[in-house]
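> when you get a sec, could you give me coordinates for this:
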Amino acid sequence: MCFFSNSTSSASTTNDNTKNILSSGKDVPTYIQQQLTSTDILVFSRTRCIHCMQNCITVKKLLHKHKRKYNYSWKVLELDELQGTTDGPMIQNYLMKTTKKKMVPHVFIKGKFVGGSKRLQVLFSKPEELELLLLGGRDDDKAEGFVKQEL
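Sure thing, here's the model as predicted:
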């Protein structure tokens with residue numbers, strides 16, 4: 001499991017929003033909101049973390065396997081491959097603070113944070129819950145309204 005580091009970027013640890021600007025010129029919350037609304041399922045992952053690699057691979061396999069059955073769009077953003085050298089760490093720190101989860105993958109369905117690989121496996125074993133989330137329903141403690149919380 002890959003834990004986010006609070007020390008990856010001094011710019012990302014400050015409360016000053018002017019410091020949380022990505023190389024694209026967007027602030028972190030705006031960038032995340034745009035990504036969340038561009039697809040049904042969004043996964044924030046990492047490619048170079050030995051500890052979390054298996055969990056991220058599991059999520060990608062699950063999403064690929066069930067795509068046809070549930071007819072959803074999905075996208076994976078590899079935080080360690082984003083264009084700016086500080087973009088990934090800023091997004092990681094933001095996700096860590098807003099979701100209270102320190103490990104990747106971070107899985108969002110219809111803009112709601114649902115958890116990581118284990119939670120996604122549970123959802124695929126309970127199709128009625130997954131279908132509700134894909135329809136935009138069910139805003140409970142396991143499927144927090146991420147966009148509403150912080151953005």
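> buried residues, the longest helix seen in the chain. List them.
Using DSSP state H to define each element, the chain has its longest helix at helix 53-70. For helix 53-70, a neighbour-count test (16 or more other C-beta atoms under 10 Å) marks M53, N55, C56, T58, V59, K60, L62, L63, H66 as buried. The way it works is simple: take the backbone N, C-alpha and C, and place the C-beta from them, glycine included.
> spatially nearest residue to the last one, not counting backbone neighbours?
Read that as H66. For H66, ignoring the flanking residues on the chain, the nearest one in space by C-beta to C-beta, 6 or more residues apart in numbering is F124 at 6.0 Å.
> residues near the one you found, how many?
For F124, the neighbour count with other C-beta atoms under 10 Å is 16.
> what is the nearest of the buried residues of helix 53-70 to P89?
Nearest to P89 among the buried residues of helix 53-70: C56, at 17.4 Å, using C-beta to C-beta.
> and the following helix or strand past the longest helix of the chain, which strands flank it?
Downstream of helix 53-70, the next assigned helix or strand under DSSP states H and E is strand 74-78. Using DSSP bridges, strand 74-78 pairs in its sheet with strand 41-45 (parallel).
> with just CA atoms, put the partner strand into PDB.
Listed next in PDB are the C-alpha coordinates belonging to strand 41-45 (Å, rounded to 0.1, in the frame of the first residue of the first chain):
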ATOM      1  CA  ILE A  41     -15.500   6.000 -12.600                       C
ATOM      2  CA  LEU A  42     -12.200   7.700 -11.900                       C
ATOM      3  CA  VAL A  43      -9.200   6.100 -10.300                       C
ATOM      4  CA  PHE A  44      -6.200   8.000  -8.900                       C
ATOM      5  CA  SER A  45      -3.300   5.500  -9.000                       C
END
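> so for that strand, what's the average pLDDT?
Across strand 41-45, pLDDT averages out at 95.
> residues contacting the residue nearest to H66?
Contact analysis of F124 by C-beta atoms under 8 Å, 6 or more residues apart in numbering lists L62, H66, L130.
> okay, those residues in CSV with distance to T37 and pLDDT next?
Formatted as CSV, the contacts of F124 follow (distance: C-beta to C-beta, whole Å; pLDDT from 0 to 100):
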residue, distance to T37, pLDDT
L62, 22, 94
H66, 22, 94
L130, 19, 92
